[in-house]
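Participant: I'd like to go over a predicted model; first the sequence, then the structure.
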Amino acid sequence: MKAVDTLREDQRRGNAVGHVEIGHLTYVLPDGRPLLDDVSFRIGEGVKAALVGPNGAGKTTLMRLVAGDLQPVEGTVAHSGGLGVMRQFIGSIRDGRTVHDLLLSVAPVRVREAAARLDAAELVMMERDDEKAQMRYAQAITDYTDAGGYDIEVLWDTCTMAALGVPYDRCKYREVNTLSGGEQKRLVLEALLRGPDQTLLLDEPDNYLDVPGKLWLEQALRETPKTVLLVSHDRQLLANAADRIVTVESGNIWVHGGGFATYAEARKERNERLDELRRRWDEEHAKLKRLVVMLKNKATYNDSMASAYHAAQTRLRRFEEAGPPELAPKDQLISMRLRGGRTGKRAVICENLELTGLMKPFDLEVWYGERVAVLGSNGSGKSHFLRLIAGDAVRHTGVGRLGARVVPGHFAQTHSRPELLKRTPCEIVMSEHAKLKNEAMKALDRYELAGGVAEQRFETLSGGQQARLQILLLELSGATLLLLDEPTDNLDLASAEALQAGLNAFDGTVLAVTHDRWFAADFDRFLVFGSDGRVYEAPEPVWDETRVVRPR
């Protein structure tokens with residue numbers, strides 16, 4: 001455990017404090033639309049700052065700019081102490097990638113580069129075992145050792161035990177896509193929070209975590225000495241873990257120095273102040289224009305007024321060149337019209353159903369019109385259960401079937417929709433639902449996906465925009481049973497509230513896997529996938545089901 005102890009001692013001593021600083025940064029999207037305009041802010045050493053704002057405002061883009069994945073048109077990005085990055089969709093990776101590959105992807109750069117050279121040398125050794133290949137392989141091993149590769153594997157053993165319950169050597173070749181979304185997130189978070197990098201960028205770190213996992217994350221963020229910039233839409237996590245709120249909206253950035261508890265009031269006061277400054281500017285602008293017109297009229301018949309007229313023109317020109325104050329951002333207006341339709345009395349029937357290796361057999365009847373929240377620990381089979389009901393091939397015994405006239409619509413947890421890639425929202429709505437372009441644009445506009453967003457490819461949309469598009473597709477599909485797997489994870493507050501209103505008006509049945517405490521409060525029934533494999537109903541939400549490690 002020497003390597004782990006050394007890493008922790010470095011963190012305690014503050015040998016490499018971290019910070020992030022953005023200076024006069026401007027970024028323009030590939031299609032020419034400005035996204036961020038001359039923004040500046042600094043996150044000091046040890047600060048836990050949350051990046052918030054509407055979906056598509058540029059939060060993930062800003063994180064990618066700090067990470068170096070993108071380059072700004074103008075401005076500077078600086079950070080110190082090493083940079084650890086958790087990207088928004090860590091599960092969106094190529095088939096066959098292993099736990100080792102995932103952990104290596106969030107290791108320090110020096111370790112990643114040495115590992116790549118070692119892999120290349122091993123391939124050469126497999127093709128030819130001559131002296132030159134042996135020397136190259138020996139040097140690659142030395143480089144990997146010097147970079148701390150073998151030391152960090154000791155750390156990874158601690159991470160896999162904490163996240164998966166098994167030693168690193170037993171799971172390093174396991175494919176990542178066999179882990180649940182929550183297991184993937186917890187594993188990466190363990191590696192970053194325990195690792196040597198002192199500045200962390202965490203994009204939606206709480207997505208797919210169950211509530212015990214979120215509580216663990218909140219505590220870990222409070223206790224770590226690292227500097228953290230994170231994106232999250234979980235209001236409870238923001239309130240418990242963030243001491244700065246960095247807001248991205250309308251191309252600008254502003255920082256609230258307090259926590260989330262005072263953020264809403266601070267934003268309201270700021271917008272009122274911006275509205276007042278804009279009103280005063282408009283009044284002064286109108287006053288100057290009236291003065292110029294008046295002096296111009298007088299100068300036509302009184303030469304002595306010419307100098308005053310030209311002075312007023314100069315004053316107006318300089319006033320306009322200075323420009324108006326920042327406009328207060330508009331509130332989002334999202335309208336979801338989930339319709340549904342009448343079905344048989346029983347919408348879902350499960351008889352002695354068991355998903356192989358995940359749960360004990362259980363019976364369930366869901367009646368038309370009910371709202372059922374599916375709760376429980378990560379890895380307990382909740383997402384597999386929804387996929388089975390949606391009609392996917394999931395190994396099981398017993399019966400899981402739909403009632404009469406039930407049309408399922410499935411919202412995927414990881415937004416894994418390969419059929420939507422390289423297509424724009426407008427093209428998707430037009431082709432999949434036989435809509436004319438003007439009809440498609442009207443529907444997209446209700447979800448704030450019109451304008452330039454409608455012409456972006458699906459994979460370039462923000463996580464929240466992808467989520468809203470999937471919900472729109474459910475609306476247009478005529479589904480009478482909504483199977484929603486963590487639908488609020490990537491939605492900003494306004495979008496989540498719109499989804500809640502849409503579900504309240506939906507004439508159909510809803511089954512939703514969720515770890516969102518606020519979202520679950522509106523449901524009628526609570527189906528809990530217990531940590532012991534038992535599936536049971538509870539009168540109130542149950543959030544304390546912790547994962548029981550099973551042999552793998």
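Facilitator: Perfect, thanks for sending it.
Participant: In terms of helices and strands, where is the residue nearest to L503 when sequence neighbours are not counted?
Facilitator: Leaving aside its chain neighbours, L503 sits nearest to V510 (5.9 Å; criterion: C-beta to C-beta, 6 or more residues apart in numbering). C-beta coordinates here come from the backbone N, C-alpha and C atoms, glycine included. Taking DSSP states H and E as the definition, one finds V510 inside strand 509-513.
Participant: can you pull the buried residues of the helix or strand that that strand is followed by?
Facilitator: Remark: after strand 509-513, the chain's next helix or strand is helix 517-520, criterion DSSP H and E. Judged by neighbour count using 16 or more other C-beta atoms under 10 Å, the buried positions of helix 517-520 are 519-520.
Participant: So what touches helix 517-520?
Facilitator: Outside helix 517-520, the residues that touch it by C-beta atoms under 8 Å, 6 or more residues apart in numbering are 211, 235-236, 373, 375, 487-488, 496, 500, 512, 514, 526, 541, 543.
Participant: For the chain, give the helix that spans the most residues.
Facilitator: Looking across the chain with DSSP state H, the single longest helix is helix 263-299.
Participant: which outside residues touch the strand holding V510?
Facilitator: By C-beta under 8 Å, 6+ apart, the list of residues contacting strand 509-513 reads 340, 343, 347-348, 366-375, 382-383, 386, 389, 406, 413, 480-487, 503, 519, 523.
Participant: Counting neighbours, which of these end up buried?
Facilitator: Buried among the contacts of strand 509-513 (16+ other C-beta under 10 Å): 340, 343, 347-348, 366-375, 382-383, 386, 389, 406, 413, 480-487, 503, 519, 523.
Participant: give me the low-pLDDT residue ranges for this protein?
Facilitator: For the chain, the stretches flagged by pLDDT under 70 are 1-16, 91-95, 332, 413-416, 434, 546-552.
Participant: Need the residue closest to the centroid of it.
Facilitator: E204 (3.8 Å; C-alpha atoms, centre = their mean).
Participant: how near is it to L420?
Facilitator: 20 Å (C-beta to C-beta, to the nearest Å).
Participant: show me what contacts E204?
Facilitator: Contacts of E204 (C-beta under 8 Å, 6+ apart): 88, 231-233, 463, 489-490.
Participant: if we can go back for a sec, just the contacts of strand 509-513: which are in helices?
Facilitator: Per DSSP H, helices hold the following members of those: 382-383, 386, 389, 503, 519.
Participant: Return the set of buried residues in the one helix or strand E432 maps to.
Facilitator: In this assignment (DSSP H and E), E432 forms part of helix 425-433. For helix 425-433, burial by neighbour count (16+ other C-beta under 10 Å) applies to 425-430, 433.
Participant: could I get the residues you listed as JSON lines with distance to A328?
Facilitator: Converted to JSON lines, these look like this (distance: C-beta to C-beta, whole Å):
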{"residue": "P425", "distance to A328": "28"}
{"residue": "C426", "distance to A328": "30"}
{"residue": "E427", "distance to A328": "34"}
{"residue": "I428", "distance to A328": "33"}
{"residue": "V429", "distance to A328": "31"}
{"residue": "M430", "distance to A328": "35"}
{"residue": "H433", "distance to A328": "36"}
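Participant: Among those residues, find me the one that's closest to D303.
Facilitator: Taking C-beta to C-beta as the measure, D303 lies nearest C426 of the buried residues of helix 425-433, at 60.8 Å.
Participant: in the stretch 101-250 of the chain, which spans are strands?
Facilitator: Taking DSSP state E, counting those that start in this stretch, the strands of the stretch 101-250 of the chain run over residues 199-203, 227-231, 244-249.
Participant: okay, those in a markdown table with distance to R318 next?
Facilitator: Below are the strands of the stretch 101-250 of the chain laid out as a markdown table (distance: least, C-beta to C-beta, whole Å):
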| stretch | distance to R318 |
| --- | --- |
| strand 199-203 | 42 |
| strand 227-231 | 39 |
| strand 244-249 | 29 |
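Participant: Columns distance to V109 and mean neighbour count on top of these, output as JSON lines?
Facilitator: Shown next, in JSON lines, are those (distance: least, C-beta to C-beta, whole Å; neighbours: other C-beta atoms under 10 Å):
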{"stretch": "strand 199-203", "distance to V109": "13", "mean neighbour count": "25"}
{"stretch": "strand 227-231", "distance to V109": "18", "mean neighbour count": "26"}
{"stretch": "strand 244-249", "distance to V109": "25", "mean neighbour count": "22"}
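Participant: Which of the ones you listed sits closest to R534?
Facilitator: Closest to R534 of these is strand 199-203 (C-beta to C-beta; 33.3 Å).
Participant: Run the angle between that closest one and strand 227-231 for me.
Facilitator: Per axes from the mean of the first three to the mean of the last three C-alpha atoms, to 10 degrees, the angle that strand 199-203 makes with strand 227-231 is 10 degrees.
Participant: How far off centre is strand 199-203?
Facilitator: Centroid separation between strand 199-203 and its chain, computed with C-alpha atoms, centre = their mean, to the nearest Å, is 12 Å.
Participant: Which elements pack onto that strand?
Facilitator: helix 59-67, strand 83-86, helix 181-194, strand 227-231 (3 or more C-beta pairs under 8 Å, 6 or more residues apart in numbering; DSSP states H and E).
Participant: hey, which of these is tucked in deepest?
Facilitator: Ranked by mean neighbour count, those are led by strand 227-231 with a mean of 26 (mean count of other C-beta atoms under 10 Å).
Participant: and stretch 56-74, C-alpha only, in PDB?
Facilitator: Extracted in PDB, the C-alpha atoms of stretch 56-74 (Å, rounded to 0.1, in the frame of the first residue of the first chain):
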ATOM      1  CA  GLY A  56     -27.100  23.500 -24.300                       C
ATOM      2  CA  ALA A  57     -25.800  26.700 -22.700                       C
ATOM      3  CA  GLY A  58     -22.200  25.500 -23.000                       C
ATOM      4  CA  LYS A  59     -21.400  23.700 -19.600                       C
ATOM      5  CA  THR A  60     -19.900  20.600 -21.200                       C
ATOM      6  CA  THR A  61     -18.200  22.700 -23.900                       C
ATOM      7  CA  LEU A  62     -16.600  24.800 -21.200                       C
ATOM      8  CA  MET A  63     -15.400  21.600 -19.400                       C
ATOM      9  CA  ARG A  64     -13.900  20.400 -22.600                       C
ATOM     10  CA  LEU A  65     -12.200  23.700 -23.100                       C
ATOM     11  CA  VAL A  66     -10.600  23.500 -19.700                       C
ATOM     12  CA  ALA A  67      -9.600  19.800 -20.400                       C
ATOM     13  CA  GLY A  68      -8.000  20.800 -23.600                       C
ATOM     14  CA  ASP A  69     -10.300  18.800 -25.900                       C
ATOM     15  CA  LEU A  70     -11.300  22.000 -27.600                       C
ATOM     16  CA  GLN A  71      -9.500  25.300 -28.300                       C
ATOM     17  CA  PRO A  72     -11.000  28.700 -27.800                       C
ATOM     18  CA  VAL A  73     -11.200  31.300 -30.600                       C
ATOM     19  CA  GLU A  74      -9.700  33.800 -28.100                       C
END
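Participant: which ones are touching M359?
Facilitator: Here M359 is in contact with 380-381, 529, 533-535 (criterion: C-beta under 8 Å, 6+ apart).
Participant: For G400, grab phi and psi.
Facilitator: Backbone torsions of G400, given as degrees, to the nearest 10, read phi -140, psi 110.
Participant: Quick check: the gap between it and L237.
Facilitator: In terms of C-beta to C-beta, G400 sits 33 Å off from L237.
Participant: Check A454 too.
Facilitator: 32 Å.
Participant: Ok, E249 next?
Facilitator: From E249 over to L237 (counting by C-beta to C-beta), the distance is 20 Å.
Participant: Please apply the same query to K298.
Facilitator: On the measure of C-beta to C-beta, K298 and L237 end up 64 Å apart.
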